[in-house]
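Trainee: Task: produce atomic coordinates for the following.
(one chain, ligands or ions: 2)
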Amino acid sequence: MKHFINLDDLPTEDLNSIIDNAIALKKQHKSGEINQTLKNKTLAMIFDKSSTRTRVSFEAGMTQLGGHALFLSDRDIQLGRGEPIKDSAIVISSMVDIIMMRVSSHKDINTFAENGSVPIINALSDESHPCQLLADMMTYKEHNGSIQGKTVAWIGDGNNMCHTYIQAAKAFGFKLNIATPKGYEPDQTFIDNYADHISLFNDADQACNNADLVVTDVWASMGQEAEQTKRELAFKEFQVDQALMQSANANASFMHCLPAHRGEEVAAEVIDGEQSLVWDEAENRLHAQKSLLLYLLD
Ligand code: CP
Ligand code: NVA
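Mentor: Numbering: from 1, shown residues only. Ligands and ions are numbered 1, 2, ... in the order given. Predicted structure coming up:
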């Protein structure tokens with residue numbers, strides 16, 4: 001049984017075939033062809049944080065594949081009232097075919113996987129966001145071809161998204177320049193384990209030099225709302241604006257997992273401009289995760 005808790009759970013070959021199948025599923029869906037491969041299958045979706053894209057894409061994806069998705073908010077299920085993770089994992093996995101979790105603590109996802117009996121998908125934790133990277137890599141490929149050998153600039157916080165970009169740099173063979181304010185670097189374990197694939201900067205311009213793709217994310221992630229003002233000050237030199245995009249290659253793309261804050265981590269002229277791929281990136285969550293579900297439930 002396979003899980004998808006971090007990007008490096010799967011070999012590169014499998015990640016690439018999930019992406020290629022996602023591109024095929026997108027074409028199939030747009031042509032109106034019906035695919036009921038997951039008929040009678042149930043996906044449990046456990047959320048203790050907000051979501052627009054992740055919830056809608058998994059739920060619509062299961063419907064499109066003939067299955068069913070259950071939205072389980074921690075405000076409604078006993079897990080949120082303190083029922084042990086282990087007990088919840090045993091019970092929920094005895095009734096459904098696959099489970100997707102968006103939770104504050106990454107280790108809770110591991111505990112679920114260790115005690116449950118079905119595949120577990122990490123739909124964002126404090127540590128990583130592997131589903132988003134499937135969509136990002138799919139989007140890059142659709143627009144620009146292979147990302148292998150290219151340079152990607154990550155601008156902003158060394159957060160969960162940044163950690164998964166670090167793993168993607170190794171898996172997909174690109175060079176990752178990471179520009180953060182001092183004190184907001186990615187976790188040391190990621191830096192140490194992927195040292196050959198990344199370069200760290202405290203200057204956004206330098207990180208964008210020769211970049212084919214510029215990526216950013218919110219300055220304060222979910223759960224860090226109390227640090228918003230402090231972070232706005234710390235990150236003020238790290239906004240992706242048109243001037244910063246000029247430091248990258250002329251045909252560089254821009255991505256952001258969304259939700260975005262125009263005027264903070266990204267200028268409106270960039271996210272709403274011609275180099276931005278954010279709407280395809282968001283839509284591709286649907287196609288990439290349908291492909292992931294088919295892969296894990298094979
Ligand atoms: N990018 C992303 O995961 O969006 P949601 O928080 O809306 O699910
Ligand atoms: N880093 C952000 C990503 C949201 C999709 C967060 O964790 O809130």
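Trainee: Just to be sure, residue 15 is in a strand?
Mentor: No - secondary structure assignment (DSSP: H, G, I helix; E, B strand; the rest coil) places residue 15 in helix, not in a strand.
Trainee: Tell me how many other residues crowd it.
Mentor: Counted by other Cβ atoms under 10 Å, the residues lying close to residue 15 total 23. No exception for glycine: its C-beta is placed from N, CA and C like everyone else's.
Trainee: isn't it right next to residue 137, touching?
Mentor: Yes - contact between residue 15 and residue 137 holds when scored by Cβ atoms under 8 Å: they sit 7.5 Å apart.
Trainee: Need the overlap of contacts for those two.
Mentor: residue 172 (Cβ atoms under 8 Å, 6 or more residues apart in numbering).
Trainee: doesn't residue 47 make contact with residue 73?
Mentor: Yes - with contact defined as Cβ under 8 Å, residue 73 counts as touching residue 47 (5.4 Å).
Trainee: could you pull out the helices for the chain?
Mentor: Assigned by DSSP state H, the helices in the chain fall at 12-30, 53-64, 85-93, 106-115, 130-144, 160-172, 188-193, 204-208, 228-234, 242-247, 268-271, 278-296.
Trainee: Put together CSV for those, with distance to residue 181 on each row.
Mentor: Shown next, in CSV, are the helices of the chain (distance: least, Cβ to Cβ, whole Å):
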stretch, distance to residue 181
helix 12-30, 31
helix 53-64, 27
helix 85-93, 34
helix 106-115, 23
helix 130-144, 22
helix 160-172, 13
helix 188-193, 16
helix 204-208, 10
helix 228-234, 5
helix 242-247, 15
helix 268-271, 19
helix 278-296, 23
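Trainee: Please report how far the closest residue in space to residue 40 that isn't next to it in sequence lies from residue 166.
Mentor: With Cβ to Cβ, 6 or more residues apart in numbering as the criterion, residue 40 has its nearest non-adjacent residue at 7.0 Å, and that residue is residue 67. The gap separating residue 67 from residue 166 is 33 Å, by Cβ to Cβ, to the nearest Å.
Trainee: Out of the two, name the residue with the larger neighbour count.
Mentor: Per other Cβ under 10 Å, whichever of residue 67 and residue 166 has more neighbours is residue 166, with 26 against 21.
Trainee: before we move on, the earlier item: in terms of neighbours, single out the busier of residue 73 and residue 47.
Mentor: residue 47 (22 against 15).
Trainee: And the more buried one, what's its pLDDT?
Mentor: Per-residue confidence (pLDDT) for residue 47: 97.
Trainee: how far away is it from ligand 1?
Mentor: Residue 47 sits 9 Å away from ligand 1, going by Cβ to the nearest ligand atom, to the nearest Å.
Trainee: Assess the claim that residue 155 and residue 214 are in contact.
Mentor: Yes - Residue 155 lies in contact with residue 214 (Cβ under 8 Å); the separation is 6.4 Å.
Trainee: any shared contact partners between these two?
Mentor: Joint contacts of residue 155 and residue 214 (Cβ under 8 Å, 6+ apart) are 208, 240, 244.
Trainee: Return the closest of those residues with respect to residue 58.
Mentor: residue 240 (28.1 Å; Cβ to Cβ).
Trainee: Now do the same contact list for the closest one.
Mentor: With Cβ under 8 Å, 6+ apart, residue 240 has these contacts: 155-156, 204, 214, 216, 254, 265-267, 270.
Trainee: Same question for residue 148.
Mentor: Contacts of residue 148 (Cβ under 8 Å, 6+ apart): 172-174.
Trainee: PyMOL command to pick out the buried ones of these?
Mentor: Of the contacts of residue 148, the buried ones can be selected in PyMOL as follows, counting by 16 or more other Cβ atoms under 10 Å:
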select buried, resi 172+174
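Trainee: what would the contacts of residue 148 look like in CSV with distance to residue 234 and pLDDT?
Mentor: As requested, the contacts of residue 148 are arranged in CSV below (distance: Cβ to Cβ, whole Å; pLDDT from 0 to 100):
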residue, distance to residue 234, pLDDT
172, 30, 98
173, 32, 98
174, 27, 98
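Trainee: Need the contacts of residue 148 in TSV (columns: distance to residue 102).
Mentor: Listed next are those as TSV, based on distance: Cβ to Cβ, whole Å:
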residue	distance to residue 102
172	24
173	29
174	26
